[in-house]
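A.B. asks: Got a predicted model here, sequence first, then my questions.
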Amino acid sequence: MDSGRGAAAASGHGHKGGGGARGEPRRRRGARTGGSQRRGALAAHGHRARPAGRAGEGAGMNGNGVWRRTHDNGSLRPHDVGREVTLMGWVHARRDLGGLVFIDLRDREGVTQVVANPQESDSAAAAAAQVRSEYVIAVRGVVAARPAGTENPKLATGAVEVRARELRVLNPSETPPFSIADDGPVDEAVRLKYRYLDLRRPSMLHRLRLRHRAAKAIRDFLSAEGFLEVETPMLIKSTPEGARDFLVPSRLQAGKFYVLPQSPQLFKQILMVAGVERYFQIVRCFRDEDLRADRQPEFTQVDIEMSFVDRDDVLSLGERMIASVVRETLGRDVALPLPQLTYAEAMARYGTDKPDLRFGMEIHDCSATFRGSQFQIFAQALAAGGVVCGIRVPGAAGYSRREIQELEALAKAAGAAGLVAAPLDPAGVRGPLAKHLSAATDRELRERCGAGAGDLLLFVAGPAPAASAALGRLRLDLVRLRPELRDRVGFDRARLSLVWVVEFPLFERAADGALGAVHHPFTAPLDEDLGALDTQPLSVRANSYDLVLNGVELGGGSIRIHRHDLQQRVFAALGISPGVARERFGFLLDAFQYGAPPHGGIALGFDRMVMLLAGDESIREVIAFPKTQSATDLMTGAPSEVDPAALEEAHIRVRLD
RNA sequence: GGGGGCGUGGUGUAGCCUGGUUUAACACACCUGCCUGUCACGCAGGAGAUCGCGGGUUCAAAUCCCGUCGCUCCCGCCA
C-alpha cells in the first residue's frame, strides 16, 4: 500500500475556503503528509478509519445534509438550460485540461458532464482538480448548453453540461481494483470479491434493473389474474426425495434438523386444499448439489399453483405470463400459443427433452433405410434392437479428416460409440458408407435427411435414447463451435424460442433399478394411460409439462393427483409403502382427506429467465450476490467456521476427516 | 467423484509449446508536472510483478515435470 510515492503531493493545494469543499487527496498520495487533523467534527467521519495525517476536510465536507439533490444524472436536457441544479453521484471520469476540469458524474440513471472553470468558480475548480475516480461528490451549478460542436451524442445528456459553482466531496474513494467506468472483462473472482464495485458498473446495474422489472411484470400479471402471493416457511421438514438438503440444526430439539426447502411443493398443494385457489410466490429455493453456470445452491423460483384447472389452463397462464415478462422487459412480442412438443418427439428430433429451436439440423431416424444393410456397424446396432440416427450438416462436405475426428470425439464424449461421416457430392454419398449403399437407398437416405450435394451426413448407431442423445449434443456443439454453420442452419442467437414439452414419462428406471418419479410422486398420469399404471408403469405418460427457452429448461409443472385412491396406486408403483408415505408426506395426505380440489401448477426458474432476457450465459450475472462453483461467497467468506458455543447450543459436534 | 481450460504489476493481455539477448513486454488504470472545450483528452516524466503456492529436473525455470490452492466449463449429480 502506501508506498510513499507522491508523498509530497497532498500538500500545496491552494484551496479557497469559499464555501466549497476541496477534493480530498486519496490515501495513497496523502498518507505521509502529516499535518494536523482538521477533520469536520461531524460523526460522519468518525467511523471511517481513514489514515491519520491526511490533509483535513473543510467545514463544508460533512455529508450532504445541507444540499438536496435536484436531478439525477440522466435527465438534464436542453430545456433545462439556465436552471440551477444540484447533482450527486460518483466520479465516472475526470479530464483535467489544466484549470478547466471536466467531470463525468455518474449515478444509476446516467452520466452528466460537469465543468469546473476557475473563471466561474475558483473553489469549484480547485476542488474538481483534487477529485478522483469513484469519489462521491455533490455539485451545484447551472445547466448550460454546450458550446456548438462540443455536444456528445453518445450521452443522453450530451447536449448540456453543468457549470459548477460549488463542488463538495461527500466521500473519497480508494482507487478501485478494476474500472467501473470501463465495464470491460475482469476476472470473475475479483468481481465477486468486490461485488459492490462490480454491481456499480452500468451493465450490472442494468441487470439488476432488468431483474426487478421481470419480477414486477410477474407480480402485476399474476395479481391481475387473481393470484395471491403467499409466503411459505424456510425451515421445513425433510422429505427425502430429489436433491440433497441444506440442514439447519434445531437448538430447542436436540439432535433434530430442519431443512431449507428445495421448493415449496408440498405447501403450495396444501394451499390449494386451503382454498386459496390461485397461489404464487417468487421464492428462494435451496439444493445442495454441484454447481453449474445455470445452477446455484440458492436460486429463485416463480412458483404457481391453481385449483379447478386442467393442463391447458396452466399452459395458457404460463405462456401469457412469459409473454408479459418479455413485453415488459424487452418490449418484444411472443407469438401465442407457444408450440408444443411431446417428450417423445423432442427426444426423437432433437435428442433432448429441452430442445433449442433457434435452428434446425434435426435428427433423422434412418433405421428403416439401413435395415438389411451390409455396413457392419449399422447392421449390428439394428440387429441388437438399436437405431441409426443422422443429422445433416449443411455445406460441410468439405470437412477434413481431422475436423471429422474432432466431431467424432465430441460424439463419443456425448455417449456415442462412434460417428460415421458421409459427405455428399452431386452423385450421392461418398466415403466408407458409399459402397454399402444401393442407388435406391442412397436416394432414400438423401430424401429422408433433406440432404444434397455439399452437405455432410453424420450417423450414430446404437440404443435409441443414447444414439439420439449423442446427436443432440453434437447438434448443439456444431453451432457453438462452427460459426460458419450458424447462417446455414438459421441460427439466430437473439431469438427467443419458447416451446412446451409435454407428456413426459411418469416414471423412470433409476440406476439401482427401482422405479422413480420423473417429476415428483404427486404428478397425475394422463387419463388415457391409467390402465397401464399397474401393468406397464414405464409406458405411462404424465400430465406434466416443461417450458423450454433456447434450449434451457425454464421450468416445469404438472397436474397433481388429488384423489386418494390414485395416489395410493402411484405410491404402490413407486414402491412407497403406506407406512413410508405416511412418514414422509403424512400432513399432505391428511390434508387431502378433507376435500382437495383438482389442481396443478408450475415452477419457473427466475434466475434462468432473467439470464436469458439479459443474453447472459450464467445466472451468476443476474444474481446480486452469487456463490462460486465451490459454493463459497468470495465477498463475505461464507461458509465459515462458527463459534464453538454456537455449535454447542445447536448440539453439533464437528468431525473432520 | 471424474475430465478440460485459466492463474504473469491494480485491471486486461503477450511471453510458456521450442528453458538462456527478458533488465519479464504492451495497453488501460495509478502518481508527478504542463495544458481552458474535453468526453479513449493530449504531452513529458515516474512508480508498480520474486510470473497463484510448494517441491523437483537443470549450469540455468514465468517457460519442463509432480503436487497443491483458487476461479471456470462440462460429465456424474440436480424428483
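C.D. replies: Arrived safely, thanks for sending.

A.B. asks: C-alpha from now on. contacts and neighbour counts both.
C.D. replies: Will do.

A.B. asks: Report how many residues lie close to the residue in the stretch 351-500 of chain A positioned nearest to RNA strand B.
C.D. replies: Distances between the stretch 351-500 of chain A and RNA strand B by CA to the nearest atom of the strand are smallest at A:A414, namely 7.2 Å. Using other CA atoms under 10 Å, the number of residues around A:A414 comes to 17.

A.B. asks: Now it: closest residue in space that isn't a chain neighbour?
C.D. replies: Of all residues not flanking A:A414 in the chain, A:A470 sits nearest, at 4.8 Å (CA to CA, 6 or more residues apart in numbering).

A.B. asks: Quick check: which element contains the one you found?
C.D. replies: If you go by DSSP states H and E, A:A470 is part of helix A:464-481.

A.B. asks: On the C-terminal side of that helix, identify the next helix or strand.
C.D. replies: Helix A:464-481 is succeeded, C-terminally, by helix A:483-488 (DSSP H and E).

A.B. asks: Next, the residues that contact that next one from outside, please.
C.D. replies: A:V393, A:P394, A:G395, A:L478, A:V479, A:D492 (CA atoms under 8 Å, 6 or more residues apart in numbering).

A.B. asks: And for stretch A:260-272?
C.D. replies: A:232, A:234-236, A:243, A:245-248, A:277-279, A:284-287, A:301, A:303-307, A:588, A:591, A:596-597, A:599.

A.B. asks: returning to that earlier point: so the residue of the stretch 351-500 of chain A closest to RNA strand B touches A:A467, yeah?
C.D. replies: No. Using CA atoms under 8 Å, A:A414 makes no contact with A:A467, being 9.2 Å away.

A.B. asks: picking up where we left off before, may I see the buried residues of the helix holding A:A470?
C.D. replies: A:464, A:466-476, A:478-479 (16 or more other CA atoms under 10 Å).

A.B. asks: Now do it, average pLDDT.
C.D. replies: The average pLDDT within helix A:464-481 is 88.

A.B. asks: helices or strands up against that helix?
C.D. replies: On a contact count with 3 or more CA pairs under 8 Å, 6 or more residues apart in numbering; DSSP states H and E, helix A:464-481 meets helix A:343-350, strand A:363-365, strand A:387-393, helix A:401-413, strand A:456-462, helix A:483-488.

A.B. asks: want to try CSV for those, with mean neighbour count as columns?
C.D. replies: CSV is the format used below for the helices and strands packed on helix A:464-481 (neighbours: other CA atoms under 10 Å):
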stretch, mean neighbour count
helix A:343-350, 21
strand A:363-365, 23
strand A:387-393, 26
helix A:401-413, 16
strand A:456-462, 26
helix A:483-488, 14
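
A.B. asks: And stretch A:433-452, what's buried?
C.D. replies: Those would be A:A434, A:L437, A:D442, A:R443, A:E444, A:L445, A:R446, A:C449, A:A451, A:G452, for stretch A:433-452 by 16+ other CA under 10 Å.

A.B. asks: Now, the residues you listed that are in helices?
C.D. replies: A:D442, A:R443, A:E444, A:L445, A:R446, A:C449 (DSSP state H).

A.B. asks: List, out of the residues you listed, those positioned next to RNA strand B.
C.D. replies: Contacts with RNA strand B within these, counted by CA under 7 Å from any atom of the strand: none were found.

A.B. asks: just curious, which of those residues is nearest to A:W67?
C.D. replies: A:C449 (71.8 Å; CA to CA).

A.B. asks: and the closest one, what does it touch?
C.D. replies: Contacts for A:C449 (CA under 8 Å, 6+ apart) come out as A:H364, A:G390, A:I391, A:R392.

A.B. asks: so who does the second one touch?
C.D. replies: By that I understand A:G390. Per CA under 8 Å, 6+ apart, neighbours of A:G390: A:I363, A:H364, A:D365, A:C366, A:C449, A:L457, A:L458, A:F459, A:V460, A:L471.

A.B. asks: thinking again about what came up before, got the angle between the helix holding A:A470 and helix A:401-413?
C.D. replies: 130 degrees (axes from the mean of the first three to the mean of the last three CA atoms, to 10 degrees).

A.B. asks: is RNA strand B contacted by helix A:464-481?
C.D. replies: No. Using CA under 7 Å from any atom of the strand, helix A:464-481 stays clear of RNA strand B, with a minimum separation of 8.5 Å.
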